[in-house]
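Chemist: With the sequence up front, the predicted model follows.
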Amino acid sequence: MAKSYRALSALRYPDGPAEVAKRKAKDPDVKWKEVPEGAIATDIPPESIPWLLEQGRIEEVKAGAPSPTKVKEADDG
Amino acid sequence: MAKYGSADVGFLLVGPYNLTTVSSKIEDSATRATEDMTPFGTSTAVVAASPVVHFELTGHEGWYDDAADSINAAMIAMASTATILMMAVSGNTRGRRAVCTSGAIRTGYKRSFAVGEYHKASMELAVTGVRDECTIVHEHVLETSDGNNETYDIDLGATGGGTTGCNIYLSCTQLALTGSTNLIVTFEDSSDAITYVTQTAMTALTTVGAEYKASTDQTINRYVAAKWVFTGLAGTPTATFALAVKVNAPH
């Protein structure tokens, strides 16, 4: 089962493996997928996940973990 | 190394005003004053350089134009307000250099009228703050739909690593929303040219405008791109804008 990641910044990446292949081949006609900040994504290109995690652009979502929105509401009191 | 000429000056944008076609000369200068520090007891002069560098844009020559988007309107708008200046000196081409500053102040505006000649107009600008040597991320060209441009590798050297922070300049000189809500221009970066991250979203535009934003603590990756969206798309909107970025030193 694919891991889920929360976008901590808005993301844009090729929409599926075939589009990733087109991107790598420098085909200008790539279909992009956009993920807004805070949304959950399960189809981020695998090769991008390490640097996105390292730079804090995404975080892994564990099953049952609270959403950041709920945490923020609790903090705001 | 390449040499360039006047035909290579891609654009001269002052705030949201495109002065490219009404300008024929401008001088971009940086000067550092010196101070005589020679003390008693020596006959050898000691001169120290001031720690302050002054940037100026002087020697401008051009033609008077009273269109609402040209030099006369720009100079009136700058009467009491500093604005952005973006000047592409080696082509209106992505990846080429643009001289940019967020603190261009009008210090002079002269118009001359003579028999047998077209009316002339010239400006003198001082710069408060820094002047950046930027990389063009989006050329000053017309866009007619949502889009993103092809990545550009800002060449961070052998490591290819990120830099810490950047200065971003946007000048939108023409905008027709045709019922769309606004235009949002975004600066993106990527480490692998596959997945892009929104680095900085510029303020939504509902009319022409210019903006400077700085980020001081974010990693900027080697591949950069621009994305533009007409929010609430309606009709056939158009926009002409330039986006340039100066990245800070690598880690």
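Modeler: Sure thing, it's come through.
Chemist: From now on I want contacts and neighbour counts done on CA atoms only, so please keep to that.
Modeler: OK.
Chemist: got the residues of chain B near chain A?
Modeler: B:150, B:191-192, B:194-199, B:219 (CA under 8 Å from any CA of the partner chain).
Chemist: now, which of the residues you listed sits nearest B:V245?
Modeler: Proximity of the residues of chain B next to chain A to B:V245 (CA to CA) peaks at B:Q199, which lies at 11.5 Å.
Chemist: still on that earlier bit, buried ones among the residues of chain B next to chain A?
Modeler: B:150, B:191, B:194-199, B:219 (16 or more other CA atoms under 10 Å in any protein chain shown).
Chemist: Dump those residues to a markdown table, plus secondary structure and pLDDT.
Modeler: Formatted as a markdown table, those follow (DSSP: H, G, I helix; E, B strand; the rest coil; pLDDT from 0 to 100):
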| residue | secondary structure | pLDDT |
| --- | --- | --- |
| B:E150 | coil | 76 |
| B:S191 | coil | 90 |
| B:I194 | coil | 94 |
| B:T195 | coil | 96 |
| B:Y196 | strand | 95 |
| B:V197 | strand | 94 |
| B:T198 | strand | 94 |
| B:Q199 | strand | 91 |
| B:T219 | strand | 81 |
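Chemist: Just give the number of residues close to B:M78.
Modeler: When neighbours are counted by other CA atoms under 10 Å in any protein chain shown, B:M78 registers 18.
Chemist: which residues of chain A score low on pLDDT?
Modeler: A:1, A:64-77 (pLDDT under 70).
Chemist: Over to the stretch 1-150 of chain B?
Modeler: Ranges of the stretch 1-150 of chain B meeting pLDDT under 70: none found.
Chemist: Residue of it closest to chain A, please.
Modeler: B:E150 (7.6 Å; CA to the nearest CA).
Chemist: so that residue makes contact with B:K227?
Modeler: No: B:E150 lies out of contact with B:K227 (CA atoms under 8 Å); the separation is 9.7 Å.
Chemist: Outline the domain layout of chain B.
Modeler: B:9-36+B:47-132, B:136-247 (automatic domain parsing).
Chemist: Could you pull up phi and psi at the residue lying farthest from the centre of chain B?
Modeler: For chain B, the largest distance from the centre (CA atoms, centre = their mean) belongs to B:G41, which lies 49.4 Å off. As for B:G41, its main-chain torsions (degrees, to the nearest 10) stand at phi 90, psi 10.
Chemist: separation between it and B:T34?
Modeler: In this view, B:G41 and B:T34 are 21 Å apart by CA to CA, to the nearest Å.
Chemist: ditto for A:Q55
Modeler: 44 Å.
Chemist: what does B:L85 give?
Modeler: Taken as CA to CA, the span from B:L85 to B:T34 is 27 Å.
Chemist: neighbour count winner among the two?
Modeler: Set B:L85 next to B:T34 and count neighbours by other CA under 10 Å: B:L85 wins out with 29 against 12.
Chemist: Show me which residues of chain A sit near chain B.
Modeler: A:9-14, A:20, A:23-24, A:28, A:44-45, A:48, A:51, A:55, A:57.
Chemist: does B:A225 really touch B:G147, like I thought?
Modeler: No: B:A225 lies out of contact with B:G147 (CA under 8 Å); the separation is 10.7 Å.
Chemist: neighbour-wise, which of those two wins?
Modeler: Shown here are B:A225 and B:G147; by other CA under 10 Å, B:A225 has more neighbours (25 against 13).
Chemist: quick one, helices of the chain?
Modeler: Answering for chain A, as no chain was given. A:17-24, A:49-54, A:68-76 (DSSP state H).
Chemist: that's the wrong chain, I wanted chain B
Modeler: Under DSSP H, chain B gives helices at B:71-77.
Chemist: Could you pull up the residues touching the spatially most central residue of it?
Modeler: For chain B, B:M86 is the residue whose C-alpha lies nearest the centre (CA atoms, centre = their mean; 2.3 Å). B:M86 makes contact with B:11-14, B:98-101, B:169, B:171, according to CA atoms under 8 Å, 6 or more residues apart in numbering or on different chains.
Chemist: Dump those to CSV, plus distance to B:K110 and neighbour count.
Modeler: Below are the contacts of B:M86 laid out as CSV (distance: CA to CA, whole Å; neighbours: other CA atoms under 10 Å in any protein chain shown):
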residue, distance to B:K110, neighbour count
B:F11, 21, 22
B:L12, 18, 23
B:L13, 18, 26
B:V14, 16, 27
B:A98, 26, 30
B:V99, 23, 19
B:C100, 23, 29
B:T101, 22, 26
B:Y169, 27, 27
B:S171, 24, 25
